[in-house]
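A.B. asks: A predicted structure for the sequence below; I have some questions about it.
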Amino acid sequence: MHNPVILTGDRPTGKLHIGHYVGSLRQRVAAQHHYRQFVMIADLQALTDNGHNPAKVTDHVLEVMADYLASGLDPAKTTFCLQSALPALAELTTYYLNLVSVARLERNPTVKAEIQQKGFERSLPAGFLVYPVSQAADITAFRATHVPVGEDQLPMLEQTNEIVRRFNTLVGKEVLTECQPILSDTGRLPGIDGKAKMSKSLGNTIELGMSIDEIKQAVFAMYTDPNHLKVSDPGQVEGNTVFAYLDAFHPDKALVAEMKAHYQRGGLGDMRCKQVLNDCLQTLLAPMRERREAAIADKRQLLRLLQQGTEQARALTDEVLAEVKGAMGLDYFSGLA
């Protein structure tokens, strides 16, 4: 068994927001002190549904790098890399595609849900349909043993492990490594408008680099209990966005529990709850905003950090590709060396 290796990453289609922070960035910052960790900017994957508008992807690569540094990820402890600069990933995807049927890809619940959400049906880009296979290439090329995911991504990892088992059986030896999920202890954060998902395209996010005023404006515009008309009325905590955020971000869990009980019996106003949340988010985001401003001010340095990490990642992924080709008998010229 290899030492634990974590692979994680993001699609560069917009700046990162506090949903990303609570869902994965916070865990990555903690993990970098204990494990070998690769964080990949998945620009190729982002092109599967933005192929008609590549600038939306390329314009955000350095924005996402700045967000990584803002969140506390340290280039001395975490290896950053760019998916499109790792040619082994595309070649591995080509080999794995021969091991997976179209029917199996269409059954993948994550792909199914996204096809529905994006309204693709039969106009689905082929690259989007096969992205569980390219994700398997990513995971196996880094010999990742652990992949942080939300529950909705578990079918992707199952697909990866199916490919690993199928390939290893095919070549008669353990070449590829199966992976395990690391599940976040926080569910998906709702948008500030109370919608199920915080998403840049819906305009309901709080970005890591937002100003003091923008954060305050977002918090005070938040959706609460529509029936809580008077402070003295009992209020509902379930489905109340302000309390969902307090649960996710406030360090004093006892205070939040006390506020919930007070709100439910009546006598605690929405404005007071929002004030507590605003104070908490301002404290959390102030140092991130500073780090982000410093990072984005020197784009050449961001590029250098990304290039250095990508070179390390390329050495590793090329090595895994060579092993895969050797196991398949595709190393025709190796005897000439």
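C.D. replies: Happy to help now that I have it.
A.B. asks: Once you drop chain neighbours, what's closest to A244?
C.D. replies: P190 (5.6 Å; CB to CB, 6 or more residues apart in numbering). Placement of C-beta: from N, CA and C, glycine included.
A.B. asks: Just the pLDDT for that neighbour.
C.D. replies: pLDDT for P190: 91.
A.B. asks: residues contacting it?
C.D. replies: 196-198, 241, 244 (CB atoms under 8 Å, 6 or more residues apart in numbering).
A.B. asks: hmm, try it at 10 Å
C.D. replies: Each residue near P190 by CB atoms under 10 Å, 6 or more residues apart in numbering is listed here: 19, 196-198, 204, 222-223, 239-241, 244-245, 248.
A.B. asks: Check S334 too.
C.D. replies: 322, 325-326.
A.B. asks: picking up where we left off before, the contacts of P190 in helices, which ones?
C.D. replies: Using DSSP state H, the subset of the contacts of P190 located in helices is 19, 241, 244-245, 248.
A.B. asks: just to revisit the earlier point, possible to save the contacts of S334 as a markdown table with secondary structure?
C.D. replies: As requested, the contacts of S334 are exported to a markdown table (DSSP: H, G, I helix; E, B strand; the rest coil):
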| residue | secondary structure |
| --- | --- |
| A322 | helix |
| K325 | helix |
| G326 | helix |
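A.B. asks: host element of P181?
C.D. replies: Per DSSP states H and E: P181 is located in strand 180-183.
A.B. asks: And that strand, what does it pack against?
C.D. replies: Applying 3 or more CB pairs under 10 Å, 6 or more residues apart in numbering; DSSP states H and E, one finds that strand 180-183 contacts helix 26-31, strand 146-149, helix 154-171.
A.B. asks: right, and these - which one's nearest D49?
C.D. replies: Shortest separation from D49 across the helices and strands packed on strand 180-183 is recorded for helix 154-171, at 15.5 Å, computed as CB to CB.
A.B. asks: can you give me the offset of the closest one from its chain's centre?
C.D. replies: 22 Å (CA atoms, centre = their mean, to the nearest Å).
A.B. asks: other SSEs contacting it?
C.D. replies: With contacts taken as 3+ CB pairs under 10 Å, 6+ apart, helix 154-171 sits against helix 87-97, helix 102-107, helix 109-118, helix 131-141, strand 146-149, strand 180-183, helix 299-328.
A.B. asks: Quick one: mean pLDDT for the fourth one?
C.D. replies: For helix 131-141, the mean per-residue pLDDT is 96.
A.B. asks: now the angle from it to helix 109-118?
C.D. replies: 130 degrees (axes from the mean of the first three to the mean of the last three CA atoms, to 10 degrees).
A.B. asks: The residue lying closest to I212 once chain neighbours are set aside: how many residues sit nearby?
C.D. replies: Closest residue to I212 apart from its sequence neighbours, by CB to CB, 6+ apart: Q282 at 6.3 Å. Q282 has 14 neighbours, counted by other CB atoms under 10 Å.
A.B. asks: now swap in M222 and tell me
C.D. replies: M222 - counted by other CB under 10 Å - has 23 other residues nearby.
A.B. asks: gap between it and P132?
C.D. replies: 35 Å (CB to CB, to the nearest Å).
A.B. asks: And for T224?
C.D. replies: 38 Å.
A.B. asks: doesn't R188 make contact with D152?
C.D. replies: Yes - D152 lies in contact with R188 (CB atoms under 10 Å); the separation is 8.1 Å.
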